[in-house]
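J.: next comes the sequence, and after it the predicted model I'd like to discuss.
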Amino acid sequence: MKFSRKTLGIPYIIFLLIFVVAPLIVLFYYAFTNGQGQFTLKNLTGFFTDPNTVGTLVYSLAIALVTTVVCLLIAYPVAYILATSGLKQKGVIIMIFVLPMWINFSLRITALKEILTVIEGNLAFYPFLNSVIGMTYDFLPFMILPIYNTIVKLDGSLTEAARDLGANERSAFFKITLPLSVPGIVSGISMVFLPAMTNYVVLDMLYNSTYIMGSLIGSYFSAYNWHGGSMIALVLLAIICVFTLMTNGLEKEDARTGGALL
Amino acid sequence: MANSENIIELKHISRTFDDGFAAVSDFNLEVKRGEFVTFLGPSGCGKTTTLRMIAGFDMPTEGDILLNGKDISKLPPNERPINTVFQRYALFPHMNIFDNIAFGLRQKKTPKDEIRKKVKKVLELVDLEGFEKRSVSTLSGGQQQRVAIARALVNEPEILLLDEPLGALDLKMRKEMQLELKAMHDELGITFIYVTHDQEEALTMSDKIVVMSEGKIQQIGTPEDIYNEPQNAFVADFIGESNIFNGIMTGKMQARFAGGHFTCVDDVAEGTQITAVVRPEDIEIVAPSEGQIRGKVISVIFKGIHYEITVASGRYEVVIQSTKSAKVGDLVGMKVEPDGIHIMIAEDHTNVFEVDMNKNHRLEFNGKRLHNTSLTQIIPGSRRNENGELVDGHGEVIDPEKIHVTAAIEPQDIRMTDDIDDENVLVEGTISNLIYKGDHYSYVLNTDLGQDFIVDDEYLWNMDDRVGLILPVEKMRFSVKK
């Protein structure tokens, strides 16, 4: 029997068919049919005309956006300081940020809940704030690591060259380091923004009863509304696709001209 | 008072890193306006650190850097009228060629028209007209190099620093760029300070060469001076090929080395220990009876313009460059004219190091007992009392903290071993330098204690080899400081 490199791909193709392609087909089928199995666009129009679902979409986007911005604001300085300072215990400090990821997720959030309860008294007063705090806590390492990796790989002589050519520390940072760390920022954003739109467990555990996209889908499915739920999942998928295309475009743009996105 | 001819003066510059490593120590240099000065030395000799201190990326731990008579050693790099061409170019990958070159001018808020004119002019200078819109990644190594030079020159610096700028180019390109850089220097009249480990590059381009080793200046001089009159064995060995021998002066302008008697031109007192340097091209092959020394040819290599002939003479090996060939196995005589011999007074290579006295009044080095040493003989008037403690002439117990014992040992008495666990090994170290001296190698060892040892050994070890040093106690000479 001839054994080629392609043969090695067969298990993956099978996996792909069963776990990616088939569910997608099912998803599309349910999203564009009604209970009788007939083609319909009602699910789609329904999603965008129902103030409830649109409201959830907006709320999810808001939570994800704020979480991403907060993560970025914390992560960039941390990553920058870690990558550029001559600290000997760098590994330890990175570990401090990564270590919580080794603890069970629900345990971590439960601990956070107790801390927030002590500070705020009643968690129900600040549902949005608490959700953002929870998500930031959960996703921060995913923002720090890609940015750190990008900055640490930057050639130190580039900033030295900028300083040599008359730039002070500030402008060397804004003209050289920041634009060149955009790829790290973009991959950090995509690792935080998308999960933050759907991770309703954090909200649940912190007593935020407002729905986000993830919880909305869950509620449709538990009410046996496969068609409506599938459509929401599909809309979410579309948003993710658009977002990914956009960031890919940015990364390429960055490689070409280094456009100072931020 | 600063000499107005000098554009930059480095006065007693030292740079010691946090881990105690002295990258540069007591570096003194004056550079005249418009000179082409090259720092030459093997990697790790401190040449790049010195350059970085001039650029402002590194601060000297001691000493002043005077630019036109004013101390600039505390100024940040952006406030110095000095620009650098980096080793790996350091072009900004997210900017096109125009923006790269315009970077410095924009920092100075130069008007746009002027920027455009200047960039165009400097691109012409480096032969890259029309490259403004190209991105960095589409350029070849040589072109990137030119952009890096243009980016520095467009700012019209008073001094241009070049950190091994041609290191990444292939040989042909390197030769071309050497000549172009030299032409650029002549045309612009800017002072160039150039760093390289390539002796040929240094000899080709420089007005003045600073040879460095282990953070110290070994010699400053014109290329001719450095080549013809090396001041010590390191310079002789590093610049060009050399035969280096230990020897002794036997009379007025008479020296004995490599098993022969030679007449030389250096007047050094009789009886002085010397190091003699003879360039391979200064040795003539003659009939066995006519030479000062004779020997048997052991190898002949054709090198294009000459043959490299190695002759074994007694226990010495002599390398000769000659346009005439010889046959392996021939018995030949070797003749050297007096002006082909460079005599240097041998440096005293005795290793001196401090040894410790432990609480039990026994000698230790690097935490290891030195056996068979007698402190009562080392410290005059001392003796052991009934408790085995060391007491002085008045019977008072000597405080180990208050007495310093130093030991001295000659390079040829130290042995090296790669069996680091050998119980006789007193200290471990790494070989940081080696020079062939005709019948043995002279090594410099950086030990873990931070002290360097000089060791003579007839066998060849490699640079960076990790070895254990065996210091025989019976060869040590001890002395006491209170």
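T.: Right, received. Where do you want to start?
J.: in this structure B:Thr447 contacts B:Leu426, no?
T.: No - the pair B:Thr447 / B:Leu426 is not scored as a contact, 9.4 Å apart, by Cβ atoms under 8 Å. No exception for glycine: its C-beta is placed from N, CA and C like everyone else's.
J.: please name the nearest non-neighbouring residue to the residue of the stretch 151-300 of chain B found nearest chain A.
T.: Closest contact between the stretch 151-300 of chain B and chain A, by Cβ to the nearest Cβ, is at B:Asn155 (6.6 Å). Closest residue to B:Asn155 apart from its sequence neighbours, by Cβ to Cβ, 6 or more residues apart in numbering or on different chains: B:Gly104 at 4.3 Å.
J.: wait, is B:Glu284 part of a strand?
T.: Yes - assessed with DSSP: H, G, I helix; E, B strand; the rest coil, B:Glu284 lies in a strand.
J.: and it, what does it touch?
T.: B:Ser322, B:Met334, B:Lys335, B:Val336, B:Glu337 (Cβ atoms under 8 Å, 6 or more residues apart in numbering or on different chains).
J.: at 6 Å what do you get?
T.: If you count contacts by Cβ atoms under 6 Å, 6 or more residues apart in numbering or on different chains, B:Glu284 has them with B:Lys335.
J.: the residue nearest to B:Asn155 belongs to a strand?
T.: No - per three-state DSSP, B:Gly104 lies outside any strand segment and is helix.
J.: max-length helix in chain B?
T.: Using DSSP state H, we find that the single longest helix of chain B is helix B:171-188.
J.: what does chain A give?
T.: helix A:51-84.
J.: right, is that helix up against chain B?
T.: No - counting by Cβ under 6 Å from any Cβ of the partner chain, no contacts exist between helix A:51-84 and chain B, the nearest distance being 14.0 Å.
J.: for that helix, packing partners?
T.: helix A:127-153, helix A:182-198 (3 or more Cβ pairs under 6 Å, 6 or more residues apart in numbering or on different chains; DSSP states H and E).
J.: tell me which element the closest residue to A:Pro127 other than its chain neighbours falls in.
T.: Distances taken as Cβ to Cβ, 6+ apart put A:Asn208 closest to A:Pro127, at 3.9 Å, once the chain neighbours are dropped. With secondary structure defined by DSSP states H and E, A:Asn208 is part of neither a helix nor a strand.
J.: got the phi/psi numbers for A:Asn208?
T.: Backbone torsions of A:Asn208, given as degrees, to the nearest 10, read phi -90, psi 110.
J.: the longest helix of chain B - contacts with which helices or strands?
T.: The criterion is 3+ Cβ pairs under 6 Å, 6+ apart, and the helices and strands that helix B:171-188 contacts are helix B:199-205.
J.: residues of the helix it packs on that come out buried?
T.: By 16 or more other Cβ atoms under 10 Å in any protein chain shown, the buried positions in helix B:199-205 come out as B:Gln199, B:Glu201, B:Ala202, B:Leu203, B:Met205.
J.: reformat these as a markdown table; add pLDDT and distance to chain A.
T.: Supplementary listing: the buried residues of helix B:199-205 in a markdown table, determined by pLDDT from 0 to 100; distance: Cβ to the nearest Cβ, whole Å:
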| residue | pLDDT | distance to chain A |
| --- | --- | --- |
| B:Gln199 | 89 | 25 |
| B:Glu201 | 91 | 21 |
| B:Ala202 | 92 | 23 |
| B:Leu203 | 92 | 28 |
| B:Met205 | 92 | 22 |
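J.: burial of residue 208, as a residue count?
T.: No chain in the question, so chain A it is. 24 (other Cβ atoms under 10 Å in any protein chain shown).
J.: the chain in question should be chain B.
T.: 20.
J.: same check on B:Tyr443?
T.: By the measure other Cβ under 10 Å, the count of residues near B:Tyr443 is 25.
J.: what residue is smack in the middle of the chain?
T.: Since you didn't name a chain, this refers to chain A. The centre of chain A sits closest to A:Val192, judged by Cα atoms, centre = their mean, with a distance of 2.4 Å.
J.: switch to chain B, please.
T.: Taking Cα atoms, centre = their mean, the centroid of chain B lies closest to B:Ser213, which sits 2.2 Å from it.
J.: low-confidence stretches in chain B?
T.: In the predicted model, chain B carries pLDDT under 70 at residues B:1-3, B:481-482.
J.: how about the residues of it by chain A?
T.: B:Phe57, B:Pro77, B:Asn78, B:Asn83, B:Thr84, B:Phe86, B:Ala90, B:His94, B:Phe103, B:Gly104, B:Gln107, B:Lys108.
J.: which residue, other than its chain neighbours, is closest to the second one?
T.: Pointing back at B:Pro77 there. B:Gly56 (3.5 Å).
J.: is it true that the one you found touches B:Arg80?
T.: Yes - with contact defined as Cβ atoms under 6 Å, B:Gly56 reaches B:Arg80; the gap is 5.2 Å.
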